[in-house]
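>>> With the sequence up front, the predicted model follows.
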Amino acid sequence: MIEIQLHKILNVSLCWDIVREVRWEEGVSCPACQSKEVVKNGSDKTYPDKQHYYCKSCKKYFDDLTDTIFSGSHQPIHHWITVLYMMHLNTSNLQISKELEISENTAQEMCSKIREGVVKKNLMYSLVAKLNLTNVI
């Protein structure tokens, strides 16, 4: 029997498209000053689908994940999407860690961060709705 891991078959580019569509529903705006005077400023070296931006108003640089629960994480975006999906299925941290080939502690931290983010950020509510996952919390 072939064991298929969900995170290995996810389309990473599509994950980034979903994050951008949800986060920038009304167009890209600067997280620092909320200005719409933003230009694309290349992509990430590690994650080529991750877009970088520059705000012409406040002269700050940011990217698709700035000021989100994903910001600064060493886990790729498709791992976060996988965790979100598996939380919807009420999957244990142990099962999530096996699926993603990460430690159970890392899986626990990711789940906790998602739960905290749902309370703090509308982005997570939008992601849940976009992915049609209504029972995450």
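That came in fine, so what should we check first?
>>> switch to C-alpha atoms for all contacts and neighbour counts from now on
OK.
>>> roughly how far is the longest helix seen in the chain from the heart of the chain?
Counting by DSSP state H, the longest helix found in the chain is helix 104-120. Offset of helix 104-120 from its chain centre (CA atoms, centre = their mean, to the nearest Å): 12 Å.
>>> again, but for stretch 79-92
That offset, for stretch 79-92, works out to 12 Å (CA atoms, centre = their mean).
>>> Which of the residues in that stretch are classified as buried?
Across stretch 79-92, burial judged by 16 or more other CA atoms under 10 Å covers 79-88.
>>> Among those residues, which lie within helices?
79-88.
>>> For Thr66, what are phi and psi?
phi -50, psi 130 (degrees, to the nearest 10).
>>> for Tyr54, same thing?
Dihedral angles for Tyr54 - degrees, to the nearest 10 - are phi -130, psi 130.
>>> got any ranges where the protein has weak pLDDT?
1-5, 7-9, 118-129, 132-137 (pLDDT under 70).
>>> Throw the ones in helices among the buried residues of stretch 79-92 into a markdown table and include distance to Leu14, thanks.
Below are those laid out as a markdown table (distance: CA to CA, whole Å):
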| residue | distance to Leu14 |
| --- | --- |
| His79 | 13 |
| Trp80 | 13 |
| Ile81 | 11 |
| Thr82 | 13 |
| Val83 | 16 |
| Leu84 | 15 |
| Tyr85 | 15 |
| Met86 | 18 |
| Met87 | 20 |
| His88 | 19 |
